[in-house]
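Chemist: Below is the sequence, then the predicted model.
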Amino acid sequence: MQDKTFDAFNEQTRQFFEPMRKLNSLMLQNMERVSEYQMESLKRYSQMGTERLRDATEVTDAESLRDFGTRQAEMMNALSQQMLEDARTLGEMSLQFKAELEQLYTESGQAAEAAKPAAAAKPTADKSEAAEKPAPAKSTSQATRKRSGGSAS
């Protein structure tokens, strides 16, 4: 008897915490993906900066300065393209995370709706039994009031 009660309690506890566990797992996965992508981006940007510094140290005359300026403009163009691509990728990650959250909330809502009829069925049965067995004091006093009110009019 106690084993069944304990198992039922464990199952209810699992069902209660399952949506929160899934939410935490989803948030952790998203944080890992975004952090990993940001680290890769940081590495790319720092490599670009280091390359620019190396190129700057090689400037020795007006011609090398002109070449450096040209490469600098090309690098700035590549940097802006890379930043746009990174922003687009992060936006896609955000939309994917939003879709996964919506799916999780939908699943949790459906699970809650499925649990409601089972929980609601029990009290409904109790109410119907109570309706079949009216309380003597209430039914008697209400019937008495109706009779006395009807004959007094």
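Modeler: Great, that's in hand.

Chemist: Tell me, how many residues neighbour residue 52?
Modeler: 15 (other C-beta atoms under 10 Å). Just so you know, the C-beta spots here come from the backbone N, C-alpha and C atoms, and that holds for glycine as well.

Chemist: And for the nearest residue to it once chain neighbours are set aside, the neighbour number?
Modeler: In space, and not counting its chain neighbours, residue 52 is closest to residue 75: 6.1 Å by C-beta to C-beta, 6 or more residues apart in numbering. By the criterion of other C-beta under 10 Å, residue 75 has 16 neighbours.

Chemist: Show me what the host helix or strand of residue 75 is packed against.
Modeler: Per DSSP states H and E: residue 75 is located in helix 62-132. Packed against helix 62-132 by the contact rule (3 or more C-beta pairs under 8 Å, 6 or more residues apart in numbering; DSSP states H and E) you find helix 2-57.

Chemist: residues in contact with the residue nearest to residue 52?
Modeler: Taking C-beta atoms under 8 Å, 6 or more residues apart in numbering as the criterion, residue 75 is in contact with 48, 51, 52.

Chemist: next one: residue 98
Modeler: Contacts of residue 98 by C-beta under 8 Å, 6+ apart: none found.

Chemist: Quickly note the distance from it to residue 13.
Modeler: Remark: distance between residue 98 and residue 13 (C-beta to C-beta, to the nearest Å) = 29 Å.
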